[in-house]
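**Student:** Mind looking at a prediction? Sequence and model below.
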Amino acid sequence: MATRPRWSRVVLKLSGEALAEPTGFGLDSNVLTQVATEIREAREELGTDIAIVVGGGNFWRGLKGAGQGMDQAQADFMGMLATVMNGLALQDALERVGQQSRVMSAIEMPKVAEPYIRRRAERHLEKGRVVILAGGTGNPFFTTDTAAALRAAEIEAQAILKGTHSGVDGVYTADPKLDKNATRYEQISHMDVITKGLKVMDSTAITFCMEKKLPIVVFDLLAKGNVKSILRGEPVGTLVG
């Protein structure tokens, strides 16, 4: 391989909205193809093991259901099912561009996905497959951000790459869409993210990453070439760590 990657194993965290159509709902086939192509190229050119944790907000958000009076555990389980739908769509896109992949779900549904078993996930990665980790943690009240942090620790990933959408390319001092004077951090500590109340990942996930010394790169998922650039060690987005 021409270039030694910055990290040999990473978890890529994708929100459901990043895969959505411009309306914010459903699935955009062009985005799926672009993301799948980026992942395949990164694997082929750099050899990094890539696991993906995907959200489900383009189909359902548990917080919305709970806000409408639904039992929160019930609403969260519906959100977990939405992540499986996104995982299957992402698997299809990866296979169409020639990248072998497996969907593993924290909620067992053997007809559509393998159950999540840590050692089996590691074997898939070692064989060059991309592993899509769906179903969140399998428990209500926890976000897919927390699932990404947990899975990264379990499979001994060296970093989490958190892909954003809507043109935001990192962590800013304030919401760049609302404050034209907001500036982007090139690097910031986990503790500063927590104390400044910056919306990188939820506080449970950030605290966990801090304890496990897991760096997080926040970047614009839809800017072509970013995944490879990050794995080459180039300064893309914001490094939290």
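**Tutor:** Great, that's in hand. Numbers count the residues shown, from 1 in each chain.
**Student:** tell me which strands and helices the helix or strand bottoming out on mean pLDDT in the chain is in contact with?
**Tutor:** Among the secondary structure pieces of the chain, namely its helices and strands, helix 62-67 has the lowest mean (mean pLDDT, DSSP states H and E), a mean of 71. Counting contacts by 3 or more CB pairs under 8 Å, 6 or more residues apart in numbering; DSSP states H and E, the secondary-structure elements packed against helix 62-67 are helix 72-96. (Glycine included, C-beta is placed from N, CA and C.)
**Student:** Can you name every helix or strand that the helix it packs on contacts?
**Tutor:** Contact here means 3+ CB pairs under 8 Å, 6+ apart; on that basis helix 72-96 packs against helix 29-46, strand 49-54, helix 62-67, strand 101-105, strand 130-134.
**Student:** Can you tell me what sits against the least confident helix or strand of the chain?
**Tutor:** 72, 74-76, 78-79, 140 (CB atoms under 8 Å, 6 or more residues apart in numbering).
**Student:** what ranges of this structure fall below the confidence cut-off?
**Tutor:** Of all residues in the chain, those with pLDDT under 70 make up the ranges 1-2, 62.
**Student:** could the helices and strands packed on helix 72-96 be laid out in TSV, adding mean neighbour count and distance to E17?
**Tutor:** Conversion of these to TSV gives the following (neighbours: other CB atoms under 10 Å; distance: least, CB to CB, whole Å):
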stretch	mean neighbour count	distance to E17
helix 29-46	18	10
strand 49-54	27	11
helix 62-67	16	13
strand 101-105	23	20
strand 130-134	28	16
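**Student:** between those, which one is nearest to I230?
**Tutor:** Comparing these against I230 with CB to CB, the closest turns out to be helix 29-46 (8.8 Å).
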